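Trainee: return atomic coordinates for the entry below.
(one chain, ligands or ions: 3)
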Amino acid sequence: MQETTQQIIVGLDERSYPIDIGAGLLARTPLFDNLPKQLLIVTNTVVGPLYEAQVRAQLFAHDVVTHTIDDGEGAKSLDNFGAIIDTLIAHNFNRDCAIIALGGGVVGDLAGFVAATYQRGVNFYQIPTTLLAQVDSSVGGKTAINHPGGKNLVGAFYQPQGVLIDTQCLSTLNDRDYACGLAEVVKYGIIADADFFAWLEAHQHNLNQRDSAALTYAIRRSCEIKAEVVAADEREQSVRALLNLGHTFGHAIEAAHYESWKHGEAVAAGTMIAATLMHQLGELTATELTRIETLLNGLKLPVRAPKMPLERWQTFMQRDKKVKGGTLRFVLPTAIGAACLRPISDWQAIGAAIAAMSHADARSPL
Ligand SMILES: NC(=O)c1ccc[n+]([C@@H]2O[C@H](COP(=O)([O-])OP(=O)(O)OC[C@H]3O[C@@H](n4cnc5c(N)ncnc54)[C@H](O)[C@@H]3O)[C@@H](O)[C@H]2O)c1
Ligand SMILES: O=C(O)C(=O)C[C@@H](O)[C@H](O)[C@H](O)COP(=O)(O)O
Ligand SMILES: [Zn+2]
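Mentor: Residues are numbered from 1 along each chain as shown. Ligands and ions are numbered 1, 2, ... in the order given. Below you'll find the model as predicted:
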């Protein structure tokens, strides 16, 4: 079978960078052009044993150090940030070194924040190994760590110099984390591309079976949409905020339930609340709301949030980065394929949408 590499460029003038997508890329092409001598691979205890050797095999001419973090969302922490900085200093890494994130969104967000800050910024490359990281977190330069008070509260916009997506890495991903990536894929269809949403509806069974052609198309289309949005608004002054669909609610779910809710799951349930809010405001049809719920459900994602007192939602949601002048701004779908950013301060309306989409037994269908 002919193996191909597809390339998408994130257009940011002199900071533009390629996203290479293909099966088996870790083994069959040079990872990145012109890598410096000193390299730090940041990975975790799950991904390292699976893929670090393949990456290192291509870096024999470099001085490579690996920093391995624990698995899970808890690793996106100030402690791990400090520990990686300690590693860089202990090995005398200079400003012309590069950091390579090898892992899912947790590794990428943490390693990216280190790259943004060590010696005021060093070279950074992403090798995303989860579907979520391949379609979303490795692209666009949002880096962050969490705080017990909320998700991604400390971070920076810092673009990588290259993203390498080896779709074969997904063969080792479990079903739950695979579904999490599909939540962000559905997001792109809702906010930007009705045809893509319809394609997802038509191909959900292929995606659930991890059919490689369907999966490669879903990854490519997602990266294209994200690259276009990021090129238009790198620092989220306008259209980039739409990439946050479902996240104001989702981040509250995650922050309250780090142990039991994963990011993609929380985004799926949060998307249902956002769509319901818009439906209750009379601006999204019942048919469109049902299509969103049916697709998320078909992709094995949760469509109901856990029950929490409204004050608990408020505590986390008021720390959302889209708050402006004290008022929360929500990303809301106006149709399938279009969304808006709207300030809403009517907590009765917000609470009604949350209540309608919450359930005491809400959890992933997997
Ligand atoms: N920066 C952004 O733009 C952005 C976008 C979306 C999400 N995020 C962040 O990304 C994080 C979620 O990312 P995620 O879903 O990748 O979670 P994750 O990084 O925790 O990875 C999920 C699980 O898959 C394992 N894993 C990774 N690759 C694997 C592979 N190939 N085979 C087997 N197991 C593998 C990980 O060890 C982990 O247990 C959240 O912190 C979220 O806030 C950031
Ligand atoms: O790239 C973006 O912009 C996004 O919002 C992508 C989201 O999927 C991602 O979860 C992001 O980390 C959320 O950022 P935050 O600004 O809400 O912390
Ligand atoms: Zn997200």
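Trainee: any idea which element I191 lies in?
Mentor: Assigned by DSSP states H and E, I191 belongs to helix 175-192.
Trainee: now that helix: buried residues?
Mentor: Within helix 175-192, the residues scored as buried using 16 or more other CB atoms under 10 Å are 177-192. Every residue, glycine included, has its C-beta placed from N, CA and C.
Trainee: and ligand 2, which of the residues you listed contact it?
Mentor: Restricting these to those within reach of ligand 2 (CB under 6 Å from any ligand atom) leaves E184.
Trainee: how far off centre is the helix holding I191?
Mentor: Its chain's C-alpha centre and that of helix 175-192 lie 9 Å apart, by CA atoms, centre = their mean, to the nearest Å.
Trainee: residues contacting L284?
Mentor: Shown in contact with L284 (CB atoms under 8 Å, 6 or more residues apart in numbering): 275, 278, 332-335.
Trainee: between these, which has the most around it?
Mentor: A275 (28 neighbours; other CB atoms under 10 Å).
Trainee: pretty sure that one sits against P333.
Mentor: Yes: A275 lies in contact with P333 (CB atoms under 8 Å); the separation is 5.5 Å.
Trainee: could you tell me which residues of this protein lie near ligand 2?
Mentor: Checking the chain against ligand 2 by CB under 6 Å from any ligand atom, the hits are 136, 140, 142, 144, 151-152, 184, 236, 240, 243-244, 247, 321.
Trainee: okay, these in CSV with secondary structure, pLDDT and distance to V229 next?
Mentor: Shown next, in CSV, are the residues of the chain next to ligand 2 (DSSP: H, G, I helix; E, B strand; the rest coil; pLDDT from 0 to 100; distance: CB to CB, whole Å):
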residue, secondary structure, pLDDT, distance to V229
D136, helix, 98, 11
G140, coil, 98, 8
K142, strand, 98, 12
A144, strand, 98, 18
K151, strand, 94, 20
N152, strand, 97, 18
E184, helix, 98, 13
E236, coil, 98, 10
R240, helix, 98, 6
L243, helix, 98, 6
N244, helix, 98, 11
H247, helix, 98, 14
K321, coil, 96, 16
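Trainee: reformat those residues as a markdown table; add distance to V107.
Mentor: Below are the residues of the chain next to ligand 2 laid out as a markdown table (distance: CB to CB, whole Å):
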| residue | distance to V107 |
| --- | --- |
| D136 | 14 |
| G140 | 16 |
| K142 | 14 |
| A144 | 12 |
| K151 | 16 |
| N152 | 15 |
| E184 | 17 |
| E236 | 22 |
| R240 | 23 |
| L243 | 20 |
| N244 | 21 |
| H247 | 20 |
| K321 | 22 |
